[in-house]
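*Asks:* the following block contains a protein sequence and its predicted model.
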Amino acid sequence: MAGVSVRAQAFLGSLLKVNPVIGIKDGEVYPCARERSRAKAVDHLYNFATSFGNVEGLAVEYATDLDEANRLVQRLHSKYPQAPIYLSRASPVIGTHTGPGPIVVTVFGDRQASVHQ
C-alpha cells in the first residue's frame, strides 16, 4: 500500500480484520506482516523478540489490554529470565497513528547472534 498512511492502513486493516505488524528501524516505519488474528500478531511480536541472540532488556507497551500485555511479558520472561522487561501503557498519540489497541515490543540487544536475520 505504497503512498497510504499508516493510519489509513490501520483503518483498512480493521475493516478487513487484518492485524498489521509494523517495525521501526533507524527512524523508518516499514510493514513486517499482516496477520489474520490478534493472537497471531502477538505471536509474531514474540517471535521477533526471541529472534535476538543477545537481549539486554525488553519493553512491552499496550494501549487497552493489560492482560494481553502481561501474558506477553510472561512468555518473554520465560525465554529471557535474566533480562529486565518494562511494561507501560502507550501514549494516546500512538493510537492516533496506529488505530485502537496497539501492543508494542521493543528489544534492547543485538541480533547478530540470531538465526533469523
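*Replies:* Structure received.

*Asks:* and Ser91, what does it touch?
*Replies:* Shown in contact with Ser91 (C-beta atoms under 8 Å, 6 or more residues apart in numbering): no residues. C-beta: built from backbone N, CA, C; applies to glycine.

*Asks:* and the pLDDT for it?
*Replies:* Here, the pLDDT recorded for Ser91 equals 86.

*Asks:* ok, now how distant is it from Thr106?
*Replies:* Computed with C-beta to C-beta, to the nearest Å, the distance linking Ser91 and Thr106 is 14 Å.

*Asks:* same question for Gly53.
*Replies:* Distance from Gly53 to Thr106, by C-beta to C-beta: 17 Å.

*Asks:* give me the helices and strands touching the host helix or strand of Thr96, please.
*Replies:* Taking DSSP states H and E as the criterion, Thr96 maps to helix 92-98. In this structure, helix 92-98 makes packing contacts with helix 6-15, judged by 3 or more C-beta pairs under 8 Å, 6 or more residues apart in numbering; DSSP states H and E.

*Asks:* 10 Å instead, please
*Replies:* Here helix 92-98 touches helix 6-15, strand 19-25, going by 3 or more C-beta pairs under 10 Å, 6 or more residues apart in numbering; DSSP states H and E.
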